[in-house]
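In: can you look at this prediction? I've put the sequence above it.
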Amino acid sequence: MTKNPLGNLTAVKIRRLKRLIDKEGLTLSDCIAVFAERQDDNDKAFVGLAREQWHTDGEIEIDDNAIAAGSSDNGDYIMAWVWVDDPDPDDEDDDDDDDDEEEEAPDAGTEADTEVSPPEPISAPSESGEQ
């Protein structure tokens with residue numbers, strides 16, 4: 001039997017959650033805080049162990065209010081943040097730089113300055129509506 005990826009969420013529950021997100025501004029941090037408050041001492045102990053065993057600033061981070069999955073007394077899955085480097089950081093930066101370059105005005109004294117002609121004057125419309 002295939003496990004439902006949404007757990008026990010029904011369509012009704014999903015709609016209610018979406019309403020809370022949209023209308024009340026519910027965030028992931030809000031949800032984590034609520035679930036963290038509901039954890040028992042065993043869950044909190046596993047979170048503490050996970051921090052001791054795995055937490056490395058900037059690589060694998062386990063918050064104090066991380067959530068334990070509640071698997072068993074023999075072990076547990078703990079919520080963690082894992083840093084992933086951008087595989088091609090120059091590609092994104094180049095796109096941004098290209099956009100900026102197109103918007104920039106040419107420097108004074110460049111060839112572009114001398115090639116740009118002034119815009120044509122706009123005449124006021126006549127009383128008949130023609131220009």
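Out: Everything's here; your move. In this text, all values refer to a predicted model and were calculated from it rather than measured experimentally.

In: can you tell me the helix or strand for Asp85?
Out: In this assignment (DSSP states H and E), Asp85 forms part of neither any helix nor any strand.

In: err, Cys31, not the other one
Out: For Cys31, the enclosing helix or strand under DSSP H and E is helix 28-37.

In: again, but for Gly70
Out: Per DSSP H and E, Gly70 falls between elements, in no helix or strand.

In: count of neighbours near it?
Out: Other residues within reach of Gly70 by the criterion other Cβ atoms under 10 Å amount to 12. Any C-beta I mention is one placed from the backbone N, CA and C, and that applies to glycine too.

In: show me what the helix or strand encompassing Lys13 packs onto, helices and strands only.
Out: Secondary structure assignment for Lys13, by DSSP H and E: helix 11-24. Applying 3 or more Cβ pairs under 8 Å, 6 or more residues apart in numbering; DSSP states H and E, one finds that helix 11-24 makes contact with no other helix or strand.

In: how close does Lys13 get to Gly7?
Out: In this structure, Lys13 lies at 10 Å from Gly7, with Cβ to Cβ, to the nearest Å as the measure.

In: these two: who's more crowded?
Out: Neighbour tally, Lys13 and Gly7, criterion other Cβ under 10 Å: the higher count belongs to Lys13, 12 against 7.

In: hey, C-alpha coordinates of the helix holding Cys31 in PDB?
Out: This file holds the C-alpha atoms of helix 28-37, laid out as PDB (Å, rounded to 0.1, in the frame of the first residue of the first chain):
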ATOM      1  CA  LEU A  28       6.000  27.800   8.400                       C
ATOM      2  CA  SER A  29       7.700  29.300  11.400                       C
ATOM      3  CA  ASP A  30       4.300  29.600  13.100                       C
ATOM      4  CA  CYS A  31       3.500  26.000  12.400                       C
ATOM      5  CA  ILE A  32       6.900  24.800  13.700                       C
ATOM      6  CA  ALA A  33       6.400  26.800  16.900                       C
ATOM      7  CA  VAL A  34       3.000  25.200  17.500                       C
ATOM      8  CA  PHE A  35       4.300  21.700  16.800                       C
ATOM      9  CA  ALA A  36       7.400  22.200  19.000                       C
ATOM     10  CA  GLU A  37       5.200  23.200  21.900                       C
END
